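[1] Can you look at this prediction? I've put the sequence above it.
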Amino acid sequence: MFDRGALLRQHAGEMLALERQILDALDGQVELEPVRRRPRTQNLIGRAAAVARKHYATLEQYEATVGAEPASPLRRAAESVAATLAGLGARVREDAVSRLLRDDYTALSLAAVSYIVLHTVGLALKDDRLAELSREHLRDLTPIIGEIGAAIPSLVALELAEAERAAAEPAAALPG
């Protein structure tokens, strides 16, 4: 039929890799200069990173109990690639903080639906610890996702106003 342990390791490992990618991206964003100029946004990204860090540690502990090898060469390679991509994305978008938040919203939403899947796997395979861990992580993510969604419109408007001011300054300096 199926190997219960292998399925638990597979699903937990995939979630662990996703949390690592999210954590790397958030950690890379929190100290970007455009983010630092917006303390409320920086705080929001920092709180999201703290949640991802907690989730990653909890999943690592869980994974150790089901016999996974968190330090395997394949896992290290996948995490290295994810870290590189997360850093590249932050550098490419460092001028538009609203785009960073949009990407964070998307990544955290993916994590949320992935925790729904993981919760279902835990229930189906009668792993109460995994089911409860997934439910707790989903509860952690929901308010952060909502806060990011609420912050994006005003941040977009602010960035547009800043762009308009920047465009008007050279025009105002024209002789006339």
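    That came through, no problem.

[2] The residue nearest to Ile148 when sequence neighbours are not counted: neighbouring residues, count only.
    Distances taken as CB to CB, 6 or more residues apart in numbering put Tyr105 closest to Ile148, at 4.7 Å, once the chain neighbours are dropped. Backbone N, C-alpha and C define where each C-beta goes, glycine included. Other residues lying near Tyr105 total 19 when counted by other CB atoms under 10 Å.

[3] Which elements pack onto the helix or strand where Tyr105 lies?
    Using DSSP states H and E, Tyr105 sits within helix 97-124. With contacts taken as 3 or more CB pairs under 8 Å, 6 or more residues apart in numbering; DSSP states H and E, helix 97-124 sits against helix 4-30, helix 33-36, helix 39-65, helix 128-172.

[4] can you do 6 Å?
    helix 4-30, helix 128-172 (3 or more CB pairs under 6 Å, 6 or more residues apart in numbering; DSSP states H and E).

[5] Spell out for me which residue occupies the centre of this structure.
    Ile22 (3.2 Å; CA atoms, centre = their mean).

[6] show me what contacts that one?
    Applying CB atoms under 6 Å, 6 or more residues apart in numbering, we find Ile22 in contact with 52, 107.

[7] Tell me the confidence at the nearest residue in space to Ala96 that is not next to it in sequence?
    Excluding the flanking residues, the one nearest Ala96 by CB to CB, 6+ apart is Glu159, at 6.5 Å. Predicted confidence (pLDDT) for Glu159: 93.

[8] what's the neighbour count on Glu159?
    By other CB under 10 Å, 17 other residues sit near Glu159.

[9] Gly149 now?
    Gly149: 14 surrounding residues under other CB under 10 Å.

[10] Please determine how far it is located from Ala166.
    Distance from Gly149 to Ala166, counting by CB to CB, to the nearest Å: 27 Å.

[11] Not counting its neighbours along the chain, what's nearest Gly149?
    With CB to CB, 6+ apart, the residue lying closest to Gly149 is Tyr105, at 6.0 Å.

[12] right, and the one you found touches Glu147 too?
    No: look at Tyr105 against Glu147 with CB atoms under 6 Å: they stay out of range, at 9.7 Å.

[13] And the residue nearest to the centre of the chain, what's its pLDDT?
    On the pLDDT scale, Ile22 gets 97.
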